[in-house]
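> could you work out the structure for the sequence below:
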Amino acid sequence: MLTVEPAFWTLVEHDGVEPTNNAAERALLPAILWRKQSFGVNSQEGRLFVARMMTTVPSLKAQQRSIFDFLSDAVKASRHGSHALLLIPEEG
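Here you go, the predicted model:
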């Protein structure tokens, strides 16, 4: 503990640093609840899908973008051979 002792005081020395990891725990809670309710997935493809959705949905919500519109556009782009949909919209 002595080797990392300076990190314990980060919240005192820097404004805006929270003393807990509550924000991180709250961000993970939907994924944890989903896994418990659905008993997870059994395939690599399923794990990849869940991982992508568990990052895409919160990102879109934070940007106040439509999840349905994004997924609809993703399916359309995939059908036309394009896989370059942006989770972060371009300015312009």
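> what about the most centrally placed residue in the chain, distance to residue 77?
The centre of the chain sits closest to residue 55, judged by Cα atoms, centre = their mean, with a distance of 2.8 Å. Remark: distance between residue 55 and residue 77 (Cβ to Cβ, to the nearest Å) = 18 Å. Yep, even glycine has a C-beta here, placed from its N, CA and C like the rest.
> could you look up the SS state of the residue nearest to the centre of the chain?
At residue 55 the chain is in helix, as set by DSSP: H, G, I helix; E, B strand; the rest coil.
> pLDDT wise, what is it at?
The predicted local distance difference test score for residue 55 is 85.
> and residue 66, how far from residue 57?
Per Cβ to Cβ, residue 66 is found 11 Å from residue 57.
> likewise residue 8?
Here the distance between residue 8 and residue 57 works out to 34 Å (Cβ to Cβ).
> between these two, which is the more surrounded one?
Per other Cβ atoms under 10 Å, whichever of residue 8 and residue 57 has more neighbours is residue 57, with 15 against 9.
> isn't the more buried one right up against residue 65?
No - applying Cβ atoms under 8 Å, one finds residue 57 not in contact with residue 65, separated by 10.3 Å.
> what helix or strand is the closest residue to residue 47 other than its chain neighbours on?
For residue 47, the nearest residue in space outside its immediate sequence neighbours is residue 41; the separation is 5.4 Å by Cβ to Cβ, 6 or more residues apart in numbering. Following DSSP states H and E, one finds residue 41 outside all helices and strands.
> since that was my last question, I'll sign off now.
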